[in-house]
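# Sharing a model prediction with you, sequence too.
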Amino acid sequence: MRRVHFGVAAVVVVVFLIGYLEVQPELEDFDPVRHSEYKDTWQQRLHISYWEKWGSFERDACQAMVDDFNKNQSEVFVHYINTSEVNRKAMLAIIGNDPPDIVGLWANDVAPFAEANALVPLDDFLEESGLGRDYYTPNYLKLCEYRGKTYALPTTPASVALFYNKEHFRQKAAELRAAGLDPDRPPRTIEELDRYAGVLNEFNEDGTPRVMGFLPTEPGWFNSAWGYYFGGGLYDSETGKITADDPGNIRAFKWLKRYAEAYGREKLLRFKSGFGNFDSAHNAFIDGKVSMEMQGVWFPNFIRRHRPHMKFGVAPFPCAEGVPAPRSLIDADVIAIPRGCKHPEAAKKFLLHSQTRGLAILCRLHGKHMPVKEPPEWLRHGHPNLELGVFEKVAAAPDSFILPRIPVWLEYHDQLSKAFDHVWNWPVPEHELQGLTGRARQDRIEALCEAEIRKTLVHVRTDIQAKLDNKLRRLARRRAAE
């Protein structure tokens, strides 16, 4: 047997064993209590499965969307199956030719699933359903596309903004005014944000922070995106080139590094060690330890759950001076039909519901806006997220952005995270600063940090470009052989 055949056989065996050992979600049997209202139609309906990943109130919101579909027609019954590691389990099920009829994924899954031919293209569905491409806020539909085809559709969207503690602004109103800042509005540029933060900071006697006006490492989820707020970018889709060391990205890393140097990495580390979990009253922002931070459309839900009377504001996250604004990182959960789906027409019926009335139910209960240009009027009535307009505004802004849709994005993201950690923790060599004081010392620190940042990001660019080129060559050979 040729070596390649041994390799294929090994893959088949591994997939079989994982699929055999993995407990696959199953459709529910009729429950006379839970399903009593479907008693007369249960047997005549086509029963299909929908695998999704949410927990807590987000799971309940998804169930409400499914219930609305099941109650308003009698041909199909969707079984909502909440499962962990849904992308991994779905891929194994697709390879094993036993997929769910519908699957909820993350936007980052679209490219690898599409490359694996694991999803049904939905371009014809968009036209046949009457939705069309113009139905969606463009950036959200871009997340669902790969190589010119649409492989998924958005469910709950995510845009990000600046959250600021109005109580802190009020308490420091006199100091802010003395610094030429307005305590009744948020910062409009990153340079202004730094000035606000400088006034809002509070320190203990040992120099460790008690309150930080702003801390780039909190919550630490958006390290790949900072460069865009300085006019940078990570990938040039026209040339196919990785642009990790774009001047805007270097400018962003220099800004981040200034916080580490100005306030001390060890002191900031001790400060962060006192933060509680994100979903708790001891969240750094909710607990008042950080005055301003970048967060997403989901965050008001958590603030009002843990500190319902907190006075906070939301505004577009500022950009550096000279960079067009507003802008926001755009992301979304998505829904798709797996290749090998046994009931594609029934799946499409639910998919249409998930993009119309069901989408409004889901997004409202998630506390989010909809990923469409014209949401229904009733969406806003009693909506739990009072700041919804800000997130809708930045989501539709022409300068808002999505992270690269490339087949090596996970590796790229990992490298950028390592680059951030390296730069943040890199100690400026003391021997390079001997004899320098004041402005001269500060300028030398800036120059040394910039050189280290440039070297680090050049390494990321060259490494990821090589990985991308190799990946694309392998994919091209595979397509040519098909």
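All right, it came through fine.

# Tell me where the model's unsure across the stretch 101-250 of the chain.
Under the criterion pLDDT under 70, no range of the stretch 101-250 of the chain is flagged.

# can you pull out the strands in the stretch 101-250 of the chain?
Secondary structure of the stretch 101-250 of the chain (DSSP state E, counting those that start in this stretch): strands at 102-106, 145-146, 149-150, 153-165, 202-203, 209-214, 235-236, 241-242.

# I meant the stretch 301-450 of the chain, not that one.
Per DSSP E, counting those that start in this stretch, the stretch 301-450 of the chain carries strands over the ranges 312-315, 330-336.

# List just the one of these that sits closest to Ala158.
For Ala158, the closest of the strands of the stretch 301-450 of the chain is strand 330-336, at 4.4 Å, according to Cβ to Cβ. For glycine as for every other residue, the C-beta is placed from the backbone atoms N, C-alpha and C.

# Adjacent strands (with direction) for the closest one?
Next to strand 330-336 in the sheet, as set by DSSP bridges, lie strand 102-106 (antiparallel), strand 153-165 (antiparallel).

# Please identify the buried residues of the shortest one?
By neighbour count with 16 or more other Cβ atoms under 10 Å, strand 102-106 contains the buried residues Ile102, Val103, Gly104, Leu105.

# will you turn the strands of the stretch 301-450 of the chain into CSV that also has distance to His413?
Converted to CSV, the strands of the stretch 301-450 of the chain look like this (distance: least, Cβ to Cβ, whole Å):
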stretch, distance to His413
strand 312-315, 26
strand 330-336, 12
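
# could I get the strands of the stretch 101-250 of the chain as a markdown table with distance to Arg327?
Formatted as a markdown table, these follow (distance: least, Cβ to Cβ, whole Å):
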| stretch | distance to Arg327 |
| --- | --- |
| strand 102-106 | 22 |
| strand 145-146 | 20 |
| strand 149-150 | 24 |
| strand 153-165 | 10 |
| strand 202-203 | 30 |
| strand 209-214 | 18 |
| strand 235-236 | 16 |
| strand 241-242 | 21 |
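
# How much space separates the most centrally placed residue in the chain from Ser400?
Central residue of the chain (Cα atoms, centre = their mean): Asp331, 4.6 Å from the mean position. As for Asp331, its distance to Ser400 is 11 Å (criterion: Cβ to Cβ, to the nearest Å).

# What does the pLDDT read for the residue lying closest to Tyr135 once chain neighbours are set aside?
Nearest in space to Tyr135, with sequence neighbours left out and distances taken as Cβ to Cβ, 6 or more residues apart in numbering, is Val372 at 5.7 Å. Note for Val372: predicted pLDDT of 97.

# Val372: what's it in contact with?
Contact analysis of Val372 by Cβ atoms under 8 Å, 6 or more residues apart in numbering lists Tyr135, Tyr136, Thr137, Leu359.

# And the furthest pair within those residues?
Farthest-apart pair in those is Thr137 and Leu359; separation 12.2 Å (Cβ to Cβ).

# anything in contact with each of the two?
Common neighbours of Thr137 and Leu359, counting by Cβ under 8 Å, 6+ apart, are Pro371, Val372.

# Quick one: the buried residues of strand 102-106 as JSON lines, columns for distance to Lys342 too.
Listed next are the buried residues of strand 102-106 as JSON lines, based on distance: Cβ to Cβ, whole Å:
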{"residue": "Ile102", "distance to Lys342": "11"}
{"residue": "Val103", "distance to Lys342": "13"}
{"residue": "Gly104", "distance to Lys342": "18"}
{"residue": "Leu105", "distance to Lys342": "19"}
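
# For burial, what's the neighbour tally of Thr217?
Here the number of neighbours of Thr217 (other Cβ atoms under 10 Å) works out to 19.

# so it makes contact with Phe275?
No - taking contacts as Cβ atoms under 8 Å, Thr217 lies outside contact range of Phe275: 10.2 Å.

# ok now stretch 293-303, how far from the chain's centre?
Relative to its chain's centre, stretch 293-303 lies at 13 Å (Cα atoms, centre = their mean, to the nearest Å).

# try stretch 269-279
How far stretch 269-279 lies from its chain's middle: 21 Å, per Cα atoms, centre = their mean.

# repeat for stretch 116-132
Averaging C-alpha positions (Cα atoms, centre = their mean) puts stretch 116-132 23 Å from its chain's average.

# tell me how far the ends of it are from each other?
End-to-end distance for stretch 116-132, by Cα to Cα, to the nearest Å: 26 Å.

# How about stretch 415-434?
End-to-end distance for stretch 415-434, by Cα to Cα: 33 Å.

# again with stretch 285-304
12 Å.

# Can you give me the buried ones in that stretch?
For stretch 285-304, burial by neighbour count (16+ other Cβ under 10 Å) applies to 285-287, 289-304.

# Repeat that for stretch 220-230.
Buried residues in stretch 220-230, counting neighbours by 16+ other Cβ under 10 Å, are found at Phe222, Asn223, Ser224, Ala225, Trp226, Gly227, Tyr228, Tyr229, Phe230.

# Leaving out the residues flanking it, which one is nearest to Glu58?
Closest to Glu58 by Cβ to Cβ, 6+ apart is His366, at 5.8 Å.

# contacting residues for the one you found?
Phe57, Glu58, Ala61, Thr156, Trp298, Asn301.

# Counting neighbours, what do you get for the nearest residue to Gly232 once chain neighbours are set aside?
Closest residue in space to Gly232, ignoring its immediate chain neighbours: Gly248 at 2.5 Å, by Cβ to Cβ, 6+ apart. When neighbours are defined as other Cβ under 10 Å, Gly248 has 19 of them.

# Could you double-check that Gly248 lies in contact with Ala225?
No - applying Cβ under 8 Å as the test, Gly248 and Ala225 come out as separate, 11.5 Å apart.

# picking that back up, any chance of the strands paired with strand 330-336 in CSV, plus distance to Glu175?
Listed next are these as CSV, based on distance: least, Cβ to Cβ, whole Å:
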stretch, distance to Glu175
strand 102-106, 43
strand 153-165, 15
